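Peer 1: sequence-free structure coming up:
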C-alpha cells in the first residue's frame, strides 16, 4: 500500500507565480553525510545569490527550497516528486547519495532539469539528469595508477558502505587494479551508520594489503579513520578515498589521517584565481566561522551554476530543449571554465594527501582537455 504523499512545508516567502525560478536543493541534513550538509547549503545559497545579483535566470529570481536528502531514498523521492507535480519547483539540484538519485530521477528528471552534484559510480543516462562531479574512470583509475607508480601499491582492500556507489566503484577498482599490475585482495561492505570496524580491520591485517580504498560516507569514514589509526594500520597501509573532504578531516583529527589520500575536482587548498575568488566571496558572505567549503559542499555551488547555465542557454525550462543545447553549455566557477561531455562536466581532477587538517595537492590527474 502506497503511503500518502508528504505534506509540503513551504517557506513564508513562497509564491506560485512566474516571477521566480524555484529549485529544490536536496542535500543531507541527517545520517552519515550530514557532516557536510551545512556546507552544501551555504555553497548553494552563495551561488543563487550571485546569480540573482547578475540578473537571475531568464530574468527570474532563483530561489532554493531545501529538501533533506539524508532521509530514506523513497521518502526523498516522494517529497521531490510532490514539489514538481504541484509546480512548486521547476528544477532540482544538490548532493545526495546514489540511492537517493536512483529513487528521484525516474520520477522527475523527464519533467524538470535535475543537476546531480555528488561524485558517483557512473552510468546515469536518465533524460534530464546532468552531473557536475567525478566518476571512477576520471577520478579513481588515475589515482590508483599514480600510487602504483610512486608507492608501489599492489594489494588493495576495499571498505565501503553497502549500496550502489561503493559496490559499483569496487567493481571498477578490481579492473583498475589489474591494469596497474595489482589486485583487490579483499572487500567489506557495511551499513550506513556503521560504528564497529573490528572485523574489517582484522581482515585488512590478515590480507597484508598495501592500501585501503575507502568508499565510506561522511561520519562513517571519520569513525573508520579513527579505528584504523588506533589499530596501528596507518603505519603499514595507505588509504585512498574518492569521498573525503576537509570537514571529514576535521572530524577524524590529524592523528588519524597519516598517509591518507583523496582525489577530487576541488580542494580548499587550491590557490588558482577561480578558487581564490570563490573563497573570498564565501568568507565575505558567511564569515570566518562558516563550515569549510570542501569538494562535497562546493559541488552544490557548481550544481546551481550549471542548472542556471543550462536554462539560460536553452532559453526555456523544457527538458527536451535543454538537452538539445546542453553540449554548447559552459560556465566559469571555482573549478575553472568547464563544459559538458555528454551530461557530465569536464573538469580537472587532483590527487591530494592529508596534512593535518588540510590537504596538500600533489598532482593534477586529469585535465578537461583529456576528454575532448
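Peer 2: Looks like it arrived, so ask away. All figures in this text were calculated on a predicted structure; none of them were measured in a lab.
Peer 1: which parts of stretch 60-77 are buried?
Peer 2: 60, 62-71, 73, 76-77 (16 or more other CB atoms under 10 Å). Where you see a C-beta, it was placed from the backbone N, CA and C, and this is true even at glycine.
Peer 1: quick one: end-to-end distance for that stretch.
Peer 2: With CA to CA, to the nearest Å as the measure, stretch 60-77 spans 26 Å from end to end.
Peer 1: pull the distance from it to the chain's centre.
Peer 2: 15 Å (CA atoms, centre = their mean, to the nearest Å).
Peer 1: got it, and stretch 99-117?
Peer 2: Mean-position distance between stretch 99-117 and its chain equals 15 Å (CA atoms, centre = their mean).
Peer 1: please apply the same query to stretch 73-81.
Peer 2: 19 Å.
Peer 1: likewise stretch 184-200?
Peer 2: 21 Å.
Peer 1: so what's the closest residue to residue 30 other than its chain neighbours up against?
Peer 2: If the residues on either side of it in the chain are set aside, residue 30 comes closest to residue 70, at 4.1 Å by CB to CB, 6 or more residues apart in numbering. Contact analysis of residue 70 by CB atoms under 8 Å, 6 or more residues apart in numbering lists 27-31, 33-34, 37, 96.
Peer 1: separation between the residue nearest to residue 226 when sequence neighbours are not counted and residue 232?
Peer 2: The shortest distance from residue 226 to any non-neighbouring residue, by CB to CB, 6+ apart, is to residue 256 (4.7 Å). In this view, residue 256 and residue 232 are 12 Å apart by CB to CB, to the nearest Å.
Peer 1: tell me which of the two has more neighbours.
Peer 2: The neighbour count for residue 256 versus residue 232, taken as other CB atoms under 10 Å, is higher for residue 256 (20 against 11).
Peer 1: just checking, that one touches residue 231?
Peer 2: No: in terms of CB atoms under 8 Å, residue 256 does not count as a neighbour of residue 231; the distance is 10.8 Å.
Peer 1: and the residue nearest to residue 30, what's its pLDDT?
Peer 2: Residue 70 is assigned 97 on the pLDDT scale.
Peer 1: and for the one 10 residues further on?
Peer 2: Reading off the confidence values, residue 80 has pLDDT 98.
Peer 1: host element of it?
Peer 2: helix 73-85 (DSSP states H and E).
Peer 1: and for residue 106?
Peer 2: Per DSSP H and E: residue 106 is located in helix 98-108.
Peer 1: how far does that helix sit from its chain's centre?
Peer 2: Distance of helix 98-108 from its chain centroid, counting by CA atoms, centre = their mean, is 15 Å.
Peer 1: looking only at pLDDT, what's the mean for the helix or strand just after that helix?
Peer 2: Using DSSP H and E, the helix or strand that follows helix 98-108 in sequence is strand 114-116. Strand 114-116 shows a mean pLDDT of 98.
Peer 1: the residue nearest to residue 30: what secondary structure?
Peer 2: Following DSSP: H, G, I helix; E, B strand; the rest coil, residue 70 is assigned to coil.
Peer 1: got the phi/psi numbers for it?
Peer 2: Phi and psi for residue 70, reported as degrees, to the nearest 10, are phi -90, psi 0.
Peer 1: low pLDDT regions in the stretch 1-150 of the chain?
Peer 2: For the stretch 1-150 of the chain, applying pLDDT under 70 flags the ranges 1-17.
Peer 1: repeat that for 80
Peer 2: 1-18 (pLDDT under 80).
Peer 1: so which residue is smack in the middle of this protein?
Peer 2: Centroid-nearest residue in the chain: residue 118, 2.5 Å away (criterion: CA atoms, centre = their mean).
Peer 1: now the strands for the stretch 151-300 of the chain?
Peer 2: Assigned strands in the stretch 151-300 of the chain, in chain order: 155-161, 183-190, 211-215, 238-241, 260-264 (criterion: DSSP state E, counting those that start in this stretch).
Peer 1: highest mean neighbour count out of the ones you listed?
Peer 2: strand 260-264 (a mean of 27; mean count of other CB atoms under 10 Å).
Peer 1: the stretch 1-150 of the chain: strands as residue ranges?
Peer 2: Under DSSP E, counting those that start in this stretch, the stretch 1-150 of the chain gives strands at 20-27, 61-68, 91-94, 114-116, 129-131.
Peer 1: ok, which of those strands comes nearest residue 270?
Peer 2: Nearest of the strands of the stretch 1-150 of the chain to residue 270, taken as CB to CB: strand 129-131 at 20.8 Å.
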